[in-house]
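> need coordinates for the below:
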Amino acid sequence: MARVVVGMIGLGTVGSGVVKLLADHKTISLKKVAVRDKAKAREIVPDCELTEDARDVVNDPEIEVLIEVMGGENPALELISAAIDSGKHIVTANKEVLAKHGPALFKKAREKEVAIFVEASVAGGVPLISTIQKGLEANQIASVSGILNGTTNYILSSMEQKGMDFGDALAQAQALGFAEADPEADVEGYDVAYKLSILTALAFGKFVKPGDIYRKGITSITKVDLDHAAEFGYRIKLIGSARRSPEGGISVRVEPVLVPLSNPLSSLSGATNGIVVRGHAVGELMMVGPGAGQLPTASAVVGDVVNLATALRLQDFASYFHSDIGSDWQEVEDASSFVSPYYLRLEVEDHPGVIGRIGTVFGEHQVSILSIIQRGVASESASVVIVTHPVVTADFEKALAQLESEAFLKRVASRLSIFDGSSDTD
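You can find the predicted model right below:
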């Protein structure tokens, strides 16, 4: 294998891991790394030139592959785009740039006859991207779903197993380095939405605009809901899912859901990621592993570089790595058409007839109740916990709207969909 020259933008946690893994590599030469501050004390100092001007890396004619691990939308987008224009291949972990600008970047890469590798952008050290791209080419993908954010999985696991409230679990995750000082991207589901956009492109051929993805975070989850979920035989997990409906549309959602204890995803705790891919030929395939961390993510980056280096000297090799991702955006089904069982917790006045009235309202809107219990009677108030059969979300919302007009209802304390694996195989 001939020597391949690479440059890198970013030398944070992942970038430092990349330097470690490339240190003794015989055929891949790291020539130049762009950093914000060359004088900063570092965990590891690469044996190559450091520059504070990222354009020095992009414009270096000897560099064939650009590794981008700086993160954020800008200036990463401009630098990646400029590198493609100059004929450089791209290896990136930047899920935000890919989710927001993937169609244009992949179109440009095809036009410039270069390749974009993105294994590190989703699920860290889990070889998910390459599995979908190459390992499952013979399959028509029905769905991709799972736990795609280690921070939120750690928080929910801590709340369930240690009895912590959300704020304390978040603080612990931040202290351990799982959560950022500003955790919004994780706890509000933006991180998973970016990753899901990428997975939708790989599974169904087009990126989804992150703003078109139904998204709900975990900040409203309470210990009460975790306890009720356990009572009904579930655990609450933040799940990202993209699936093809029986009518042929694509439904894409990020939300905390009740996962049955019988489903392997329910057993994943801590910062572990787990992804289930369903194909018409292979059936169900599940991949589990570290979703973040220095060396797992760096492993995915370096794996992409090695793949590139292996093929770089072959004639017209870039076309082999070009995906069939379209240059326009994927349209998604309206969230109101989503079909799912639901978990609902209501705070109501405790007097005769309340349960019967709830059943009547649900029946009027074609919502079938699987089970209903009353808990926590105190001061003439009670919690009513309901699990429904699968229902069209629009009908469920209409029933809730009517309930909110009833005098006995104090508030809708919680409403979550239930992970119904059987619906993914339709």
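
> quick check: domain ranges of the protein?
Domain assignment for the chain, taken from automatic domain parsing, gives 4-124+294-321, 137-290, 335-420.

> pull out the buried positions in stretch 380-391.
382-388, 391 (16 or more other Cβ atoms under 10 Å). Glycine gets a C-beta too; all of them are placed from N, C-alpha and C.

> can you redo these as a markdown table with pLDDT and secondary structure?
Formatted as a markdown table, the entries for the buried residues of stretch 380-391 read as follows, by pLDDT from 0 to 100; DSSP: H, G, I helix; E, B strand; the rest coil:
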| residue | pLDDT | secondary structure |
| --- | --- | --- |
| A382 | 90 | strand |
| S383 | 92 | strand |
| V384 | 95 | strand |
| V385 | 95 | strand |
| I386 | 96 | strand |
| V387 | 96 | strand |
| T388 | 97 | strand |
| V391 | 97 | strand |
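
> name the nearest of those relative to A123.
Checking those against A123 by Cβ to Cβ gives V387 as the nearest, at 30.3 Å.

> mind listing the helices for the stretch 101-250 of the chain?
Taking DSSP state H, counting those that start in this stretch as the test, the helices found in the stretch 101-250 of the chain are 128-130, 150-162, 166-175, 184-187, 190-204, 223-232.

> OK, contacts around the residue lying closest to A407 once chain neighbours are set aside?
Sequence neighbours aside, E349 is the residue nearest to A407 in space, at 7.7 Å (criterion: Cβ to Cβ, 6 or more residues apart in numbering). Counting by Cβ atoms under 8 Å, 6 or more residues apart in numbering, E349 makes contact with 380-382, 407-408, 410.

> among these, which ones are in strands?
381-382, 410 (DSSP state E).

> ranges for the helices of the stretch 301-426 of the chain?
Secondary structure of the stretch 301-426 of the chain (DSSP H, counting those that start in this stretch): helices at 318-321, 354-364, 393-403.

> select, out of these, the one closest to A142.
Ranking the helices of the stretch 301-426 of the chain by proximity to A142 (Cβ to Cβ) places helix 393-403 first, at 20.1 Å.

> now the closest one: buried residues?
The neighbour-count check on helix 393-403 (16+ other Cβ under 10 Å) flags 393, 395-396, 398-400, 403 as buried.

> got it, and stretch 253-270?
By neighbour count with 16+ other Cβ under 10 Å, stretch 253-270 contains the buried residues 253-260, 263, 265-266, 268-269.

> that one: how far from the chain's middle?
14 Å (Cα atoms, centre = their mean, to the nearest Å).

> who's I369 bridged to?
With DSSP bridges applied, I369 shows beta-bridge pairing to T388.

> doesn't A99 fall inside a helix?
Yes. Assessed by DSSP: H, G, I helix; E, B strand; the rest coil, A99 belongs to a helix.

> count the residues that sit near it.
Neighbour count for A99, taken as other Cβ atoms under 10 Å: 26.

> tell me, how many neighbours does D182 end up with?
Counted with other Cβ under 10 Å, residues neighbouring D182 total 8.

> that one and Y190: what is the separation?
11 Å (Cβ to Cβ, to the nearest Å).

> common neighbours of those two, please.
Counting by Cβ under 8 Å, 6+ apart, D182 and Y190 have no shared contacts at all.

> avg pLDDT for stretch 53-69?
In this model, stretch 53-69 has an average pLDDT of 97.

> residues in contact with that stretch?
4-10, 12, 14-15, 18, 31-34, 51, 70, 75-76, 79-80, 82-83, 86, 88-94, 120, 301, 305, 308-309, 312.

> do stretch 336-344 as well
Here stretch 336-344 makes contact (Cβ under 8 Å, 6+ apart) with 214, 225, 228-229, 232, 234, 245, 249, 251, 253, 258, 370, 385-394, 396-397, 400, 412, 414-418, 420, 423.

> picking up where we left off before, could I get the helices of the stretch 301-426 of the chain as CSV with mean pLDDT and distance to G102?
Formatted as CSV, those follow (pLDDT from 0 to 100; distance: least, Cβ to Cβ, whole Å):
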stretch, mean pLDDT, distance to G102
helix 318-321, 66, 15
helix 354-364, 95, 41
helix 393-403, 97, 28
